[in-house]
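1. Predicted structure and sequence below. I'll ask about it afterward.
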Amino acid sequence: RGTTNGTQVALWDCHGGVNQRWTATAGRELRVYGNKCLDAFGSGTSNGTAAIIWDCHGGTNQQWNINANGTITGVQSGRCLDASGAATTNGTRIQLWSCNGGGNQQWTLRT
């Protein structure tokens with residue numbers, strides 16, 4: 001629930017809190033808290049790179065494609081957002097991983 005740069009993104013039961021309200025922008029950012037973006041840590045592109053929040057700066061490591069098949073892929077890496085270890089428990093960390101069609105790489109947008 002932290003708002004500081006570098007906070008790891010994690011799965012959690014939906015509760016409607018501000019920390020679960022992500023906004024997709026025309027610049028392919030996924031924003032939370034108004035000024036923080038989903039970010040591939042250290043501009044990483046390899047499997048296991050942590051998905052974190054960071055001040056928005058327009059870098060390609062903060063740009064994401066929301067795909068029709070339910071995946072979200074990094075513009076820089078081409079890798080999917082992935083729930084580590086295909087886990088479903090609260091606190092499971094979100095990372096980049098090679099896209100494999102698994103349920104742990106499928107995301108649903110709610111309005």
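-> Nice, I can see it. Numbering: from 1, shown residues only.
2. could you point out where the chain is predicted with low confidence?
-> Low-confidence regions of the chain, defined by pLDDT under 70, span residues 1, 111.
3. Which parts of it are strands?
-> Taking DSSP state E as the criterion, the chain carries its strands at 23-24, 30-32, 36-40, 51-55, 64-66, 72-74, 80-83, 94-97.
4. most tightly surrounded among the ones you listed?
-> Of all the strands of the chain, strand 36-40 carries the top mean neighbour count, a mean of 25, counting by mean count of other CB atoms under 10 Å. Placement of C-beta: from N, CA and C, glycine included.
5. ok, residues contacting stretch 9-20?
-> Taking contacts as CB atoms under 8 Å, 6 or more residues apart in numbering, the residues outside stretch 9-20 that touch it are 1, 32-33, 38, 50-53, 83, 87-94, 110.
6. What is the linear distance spanned by it between its boundary residues?
-> According to CA to CA, to the nearest Å, stretch 9-20 extends 10 Å from its N-terminal end residue to its C-terminal end residue.
7. I appreciate the help and will end here.
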